[in-house]
Structures are given as structure tokens and as C-alpha cells.
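Peer 1: This is a predicted model, with the sequence first.
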Amino acid sequence: MKLKEIRISESPYLNDDELGYQVLAKISSDALKRSYTHLVKAKDIDIFAGTDTGFIAGLLTKKGLSTVVMITCRVVAYPTEPSGLANYQQVSMVNTSKEFADKGRAKLVYTEIAKKVDLVSDHEQYLGAKGLWKSLARESDVNVYVFDGRTKDYIRDEDGTIKRYNGNNLQDSAIWGNTMDHKLVLLVATAKKF
């Protein structure tokens with residue numbers, strides 16, 4: 001079954017624009033069994049990990065999954081690899097159903113995934129992704145850290161401790177912007193404390 005989707009590029013090189021939403025198709029129970037493993041249920045959303053990479057989340061019925069969010073990932077971070085992560089996936093594309101736009105589903109899905117697998121932002125983002133990462137940092141059960149590929153280290157406090165990003169304790173311009181250097185800044189959502 002071919003899915004109709006919207007593509008949302010993910011990461012700190014900021015494209016000062018929003019992307020639209022589309023209807024995502026249902027995935028049959030057989031296709032789910034073949035290609036995905038159930039990760040967790042959060043509220044009314046079931047989240048599945050792909051057998052290769054990525055995640056899919058939606059409303060589960062006997063016939064299959066009504067897709068709410070699809071996250072395509074890569075297993076080797078680009079263009080730089082954050083240190084201290086053994087089991088991570090880097091977001092490369094997010095597809096969100098227009099039926100669930102602005103209802104906090106993507107944040108819920110990111111939070112639940114990051115409790116199980118370290119989630120790394122891509123090197124490019126649109127405004128929606130920026131808002132999502134800031135919201136994760138402010139109000140979620142996971143920690144968000146900022147990795148600076150130019151120094152090959154996480155942003156640290158004055159005393160040398162890795163700084164947990166809270167959505168307000170770093171200038172946006174230190175994370176997002178439209179220079180090539182901003183592509184080397186990645187966000188990490190994790191259950192770990194650094």
C-alpha cells in the first residue's frame with residue numbers, strides 16, 4: 001500500500017518556513033507484523049520501530065494502523081556523530097498526518113521513542129521541527145542536549161558540566177540558523193543524564 005505523505009526535513013540548519021500536512025494511509029496488520037516491532041503504547045497512540053530504521057505511530061485497530069506520524073531515520077549520524085551514544089537513530093524525515101496536526105502527537109511520539117532509543121536531530125529543520133525540539137526540551141520526560149560538531153563536544157556550563165537544554169537556557173542562534181556551521185549542531189533526546 002503506497003502512503004501519501006508530507007516530508008518534513010529535520011535539523012538545526014533552519015529553513016524559515018513551514019511545510020503542510022497530508023493524509024497518511026493505513027498500514028495493514030500483516031504489513032505491521034512483517035516490517036515493525038511494537039515499541040510502546042502511549043495514550044491512544046501505538047508506536048512501532050521499523051526492522052531497519054525509523055518509527056511509525058498511530059491508532060491501532062484490528063485491521064491495522066491509521067498512521068499519525070512516520071519518522072525515517074539513519075543509524076549513522078550526518079554530518080557529525082554525537083559522542084556518548086551507543087544505540088541511537090538520527091531523524092532524517094518526519095511525515096505527519098494533517099488530521100492530527102497541532103495536537104501534540106509528534107512530541108508524544110518523540111518522547112516515547114527517546115525513552116527507548118537515543119534520538120538525534122537531523123542537520124536541517126523547518127520551523128515545526130524547531131518548535132518540537134524546544135517543546136521537548138521544556139516539557140517532556142527526556143533530556144535534550146546540544147552537540148556542537150565544530151568542537152566535537154556537547155555544549156557545557158561554565159563548570160564543564162554538559163548543559164541540559166531546557167528550551168530557554170541557550171540562545172536560539174547558538175542552535176538554529178542558516179549558515180553551514182549550523183548543520184554541525186545536533187540535538188539529542190535521551191533518557192540518559194550526561
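Peer 2: Nice, I can see it.

Peer 1: Pairing partners for the strand ranked longest in the chain, with directions?
Peer 2: Identified as the longest strand of the chain according to DSSP state E is strand 64-74. Strand 64-74 sits in its sheet next to strand 26-28 (antiparallel), strand 55-60 (antiparallel), strand 88-96 (antiparallel), going by DSSP bridges.

Peer 1: from the middle of its chain, how far away would it be?
Peer 2: 12 Å (Cα atoms, centre = their mean, to the nearest Å).

Peer 1: Next: stretch 186-194.
Peer 2: The chain centroid and the centroid of stretch 186-194 are separated by 12 Å under Cα atoms, centre = their mean.

Peer 1: Quick check: the residue nearest to V68 when sequence neighbours are not counted vs K130, distance?
Peer 2: Computed as Cβ to Cβ, 6 or more residues apart in numbering, the closest residue to V68 that is not its neighbour in sequence is G58, at 4.3 Å. Just so you know, the C-beta spots here come from the backbone N, C-alpha and C atoms, and that holds for glycine as well. Distance, G58 to K130, by Cβ to Cβ, to the nearest Å: 24 Å.

Peer 1: More neighbours: which of those two?
Peer 2: Of the pair G58 and K130, G58 is the one with more neighbours under other Cβ atoms under 10 Å, namely 25 against 21.

Peer 1: which SSE is the residue located most distally from the centre of the chain in?
Peer 2: Relative to the mean C-alpha coordinate of the chain, counting by Cα atoms, centre = their mean, the farthest residue is D159 (29.3 Å). Using DSSP states H and E, D159 is not contained in any helix or strand.

Peer 1: Just give me the neighbour total for R150.
Peer 2: 9.

Peer 1: Spell out the residue ranges of the helices in this structure.
Peer 2: Taking DSSP state H to define them, one finds helices in the chain at 29-35, 105-116, 127-138, 172-175.

Peer 1: now those helices as CSV including mean pLDDT?
Peer 2: As requested, those are exported to CSV (pLDDT from 0 to 100):
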stretch, mean pLDDT
helix 29-35, 93
helix 105-116, 94
helix 127-138, 91
helix 172-175, 94
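
Peer 1: Same list, those, but as a markdown table with distance to S92 please.
Peer 2: Below are these laid out as a markdown table (distance: least, Cβ to Cβ, whole Å):
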| stretch | distance to S92 |
| --- | --- |
| helix 29-35 | 17 |
| helix 105-116 | 14 |
| helix 127-138 | 12 |
| helix 172-175 | 18 |
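
Peer 1: Identify the residue nearest R105 in space, chain neighbours excluded?
Peer 2: V68 (5.1 Å).

Peer 1: do L60 as well
Peer 2: D46 is the one closest to L60 (Cβ to Cβ, 6+ apart), at 4.2 Å.
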